[in-house]
Each structure stands twice: as C-alpha cells, then as structure tokens.
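Novice: I would like the atomic coordinates for the input below:
(one chain, ligands or ions: 1)
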Amino acid sequence: MARNSSLHIFPTPAESLNRLADFFVELSARATQARGRFSVALSGGSSPKKLYELLASEEYRTRVAWEKVFFFFGDERYVPPTDAESNYRMAREAMLEPLGIAPAQVFAVDTALPPAEAARQYTQAIEQFFGQEETRFDLMLLGLGDNSHTASLFPHTPVLHDATVGAREVFVEEKQAYRITLTAPLLNLARTTVFLVYGPDKAAAVQHVLAGERNIEEYPAQLIAPISGELHWFLDEAAASRLPPGR
Ligand SMILES: O=C(O)[C@H](O)[C@@H](O)[C@H](O)[C@H](O)COP(=O)(O)O
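Specialist: Prediction:
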C-alpha cells in the first residue's frame, strides 16, 4: 500500500459519506487558514454525487467558507457540459449551483475544443492558478472503477506511463470515447488525496489496488502515491470486505 495511506472503514456508505464531509470541512479550514484558499479536484461518476449533495445540504453548507473554495476536475468525459455524462454537470447540479459558487471559482475542462487542445488548455489553467507551487491541489478526490481505474487512468492505456505533470486526452477503448484526465504525476502532487469507494461491486478492485500484486497496467489506481501528501481511503465495509484481516 502507498506510504502515508490511512484506511477509514465504516459500516455503511452513509457513514463513509458523513465522515468524509466532516474531513472536507476540516481540510477546508486548514487550507484557508494556511493559504487563504482551498483548492479541490473533484471526482466524477456516481459515488461522489451523494457527497456533493451532502456538502450542499443544511447540515454542512454553513461549515465551509465557500467563497474561498476553488474547484477543478480530476477527469472529464469528452462531452458538452450539459450532457448527462458530464462530471461538470453532475457537480454543478449537486453542489456548485445549490451553493451559489461563482463561475470564477470553477475550472471546468473546455470540451468544445478538440481533445488534445482541451487537455493543453486545462494544463495551462492549472499551471496559471498554482504558479510555481510544488504541490498543487489541497484536496484530490478520487473514485475507483470496478476495473481498478481512477480518474480516467484506465487499464492498458498509454496515459498510465505519461510522466508529464498535466492533463491529457485519452481515447478509452472500453467506452469508445475520449476523456480528459490529469496524469498520475499531477494527481500525486496533492496535499491530501482521498479515495471514496463504497458498495460490494468495488470489493475486488479495492483488494487488487490495496493488497494485490503490483501491476499498474491491470490496476491503474496503484499509481496513486502522493509525493509528499497524505492518502486516505474512505470505504464502507462492503467495499473493504475482501481486504486481509487486520488491514
Ligand atoms: O469520470 C469518472 O467516471 C470518474 O472520475 C471515475 O474515475 C470514477 O471515479 C470511477 O469510474 C468510479 O465511478 P462510480 O463512482 O460511478 O463507480
């Protein structure tokens, strides 16, 4: 398992989500106090949607200085921002709009550009925001596919070996679609990285990534090993059910 990684395993998905929301509040206060802002790279897919809705709920919305939070995306489907598949649309509907987040605080991938240009432009936007800062995002939120992919680092794709720090376009055979993804070297520059994974259908992927043989072609999420940051897994019992005892 990557060094500096901590497992947080809870009985239910709801418990994992609530504890992660508490952690988000804590990280936002820490970052805002230290640097006057909190930069978050959001994950897409279905798992984080409930987290975003929870953060925008009455229970949490008053516990974060939202005007100091800046949102990026760890990956994006190459579709219009209005498309049902868009990670930006999911985050906008679940959290950004309900919280009234100003557009200037949200850095979405411009999928109106050709894929390679969209990736180049996104790399520039990230570099412009962070300047020469060694570490990039305060919080990198990641999910895990049942095939052990994370962001859009899918098994057996060239981007797994991309050593540059930036965003890249990748054609995903199994989806027959382009994605724009941050590369592993950029994903690994975050101060705090959190995997949010719940449900029994993720148990095999969790076991492969955390306790399986080292094989990044098969289990790309093994590439996530923060250079100097912390790595946390927020899991429910079902997703953790195939980890060795005393994990
Ligand atoms: O764009 C995406 O789909 C995500 O960034 C991707 O990496 C996601 O985290 C996994 O595919 C898990 O997705 P679910 O949470 O929907 O299972």
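
Novice: residue numbers of the protein in contact with the ligand?
Specialist: 43-47, 74-75, 87, 143-145, 149-151 (CB under 6 Å from any ligand atom). Placement of C-beta: from N, CA and C, glycine included.

Novice: now the residues you listed in CSV, with distance to G100, secondary structure and pLDDT?
Specialist: As requested, the residues of the chain next to the ligand are exported to CSV (distance: CB to CB, whole Å; DSSP: H, G, I helix; E, B strand; the rest coil; pLDDT from 0 to 100):
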residue, distance to G100, secondary structure, pLDDT
S43, 22, coil, 98
G44, 22, coil, 96
G45, 24, coil, 91
S46, 24, coil, 92
S47, 25, coil, 94
G74, 23, coil, 98
D75, 25, strand, 98
N87, 20, helix, 98
G143, 26, coil, 98
L144, 31, coil, 98
G145, 32, coil, 97
H149, 33, coil, 97
T150, 30, strand, 98
A151, 27, coil, 98
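
Novice: and those residues, which are buried?
Specialist: Among these, those buried by neighbour count (16 or more other CB atoms under 10 Å) are 43-45, 47, 74-75, 87, 143-145, 149-151.

Novice: name the nearest of those relative to F195.
Specialist: L144 (5.9 Å; CB to CB).

Novice: list the contacts for that closest one?
Specialist: Each residue near L144 by CB atoms under 8 Å, 6 or more residues apart in numbering is listed here: T150, F195, V197, K202, A205, V206, V209, A221.

Novice: find the nearest non-adjacent residue to it, please.
Specialist: V197 (4.6 Å; CB to CB, 6 or more residues apart in numbering).

Novice: kindly provide the distance from the one you found to G131.
Specialist: Using CB to CB, to the nearest Å, V197 is found at 33 Å from G131.

Novice: count of residues packed around T32?
Specialist: Using other CB atoms under 10 Å, T32 has 17 other residues around it.

Novice: what pLDDT does it get?
Specialist: On the pLDDT scale, T32 is placed at 98.
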